[in-house]
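Visitor: A predicted structure for the sequence below; I have some questions about it.
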Amino acid sequence: MLSRRAAPLLGRSVLRGHVACLATKSEPAPPMVYIKGEEMTRYTMDLIIKKWIDPHFDTGGWEYFDLSCKNRDDTEDKCLFDAVAAGARRSEEH
């Protein structure tokens, strides 16, 4: 069993090795429907994608939809229906 001091150090070295391994890969991400939401969720996911996904994967096959309140109002909910249709299309493909 690891001591409390050794466990965090082991985790960091394993994580560093894993990240270094990912840095050499540039493979396509699986097709996906990416739906942007509101406020903090949007901000958090933008950070995650920019820091951990974009550097390692090609997300060119993703379909993006903005479901913010403003965009839904501006499009009279057409963006919502388009996002649902894209999700249904992706689920039929797999």
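Guide: On my side now, so go ahead. Everything numeric here is computed off the predicted structure, so don't read it as measured data.
Visitor: Apart from its neighbours in sequence, what residue is nearest the residue most central in space within the chain?
Guide: The centre of the chain sits closest to residue 49, judged by Cα atoms, centre = their mean, with a distance of 5.1 Å. Among residues not flanking residue 49 along the chain, residue 59 sits closest, at 7.5 Å (Cβ to Cβ, 6 or more residues apart in numbering). All C-beta atoms are positioned from the backbone trio N, CA, C, and that covers glycine.
Visitor: Report pLDDT for the one you found.
Guide: Note on residue 59: pLDDT of 91.
Visitor: My read is that it contacts residue 29, right?
Guide: Yes: with contact defined as Cβ atoms under 8 Å, residue 59 reaches residue 29; the gap is 5.0 Å.
Visitor: what do the two both touch?
Guide: Both residue 59 and residue 29 are contacted by residue 53, under the criterion Cβ atoms under 8 Å, 6 or more residues apart in numbering.
Visitor: Any regions of the chain where pLDDT drops low?
Guide: By pLDDT under 70, the weakly predicted segments of the chain are 1-25.
Visitor: What ranges does this structure have for its strands?
Guide: Applying DSSP state E to the chain gives strands spanning 27-28, 33-36, 57-58, 63-66.
Visitor: Most tightly packed of the ones you listed?
Guide: With neighbours taken as mean count of other Cβ atoms under 10 Å, these reach their highest mean count in strand 33-36, at a mean of 17.
Visitor: so how far is it off the chain centroid?
Guide: Relative to its chain's centre, strand 33-36 lies at 9 Å (Cα atoms, centre = their mean, to the nearest Å).
Visitor: CA atoms only for stretch 59-77, dumped as CSV, please.
Guide: Provided in CSV are the C-alpha atoms of stretch 59-77 (Å, rounded to 0.1, in the frame of the first residue of the first chain):
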residue,chain,number,x,y,z
THR,A,59,-12.3,17.8,-34.1
GLY,A,60,-13.1,18.7,-37.7
GLY,A,61,-15.8,16.0,-37.9
TRP,A,62,-17.8,17.5,-35.1
GLU,A,63,-21.0,19.4,-35.7
TYR,A,64,-21.3,22.4,-33.5
PHE,A,65,-24.6,24.0,-32.3
ASP,A,66,-25.1,27.1,-30.1
LEU,A,67,-28.1,26.6,-27.9
SER,A,68,-27.7,29.8,-25.9
CYS,A,69,-31.0,31.6,-25.1
LYS,A,70,-30.0,34.4,-27.4
ASN,A,71,-29.3,32.1,-30.4
ARG,A,72,-32.5,30.1,-29.8
ASP,A,73,-34.5,33.3,-29.7
ASP,A,74,-32.7,34.7,-32.8
THR,A,75,-33.4,31.4,-34.8
GLU,A,76,-36.9,30.8,-33.4
ASP,A,77,-35.6,27.5,-32.0
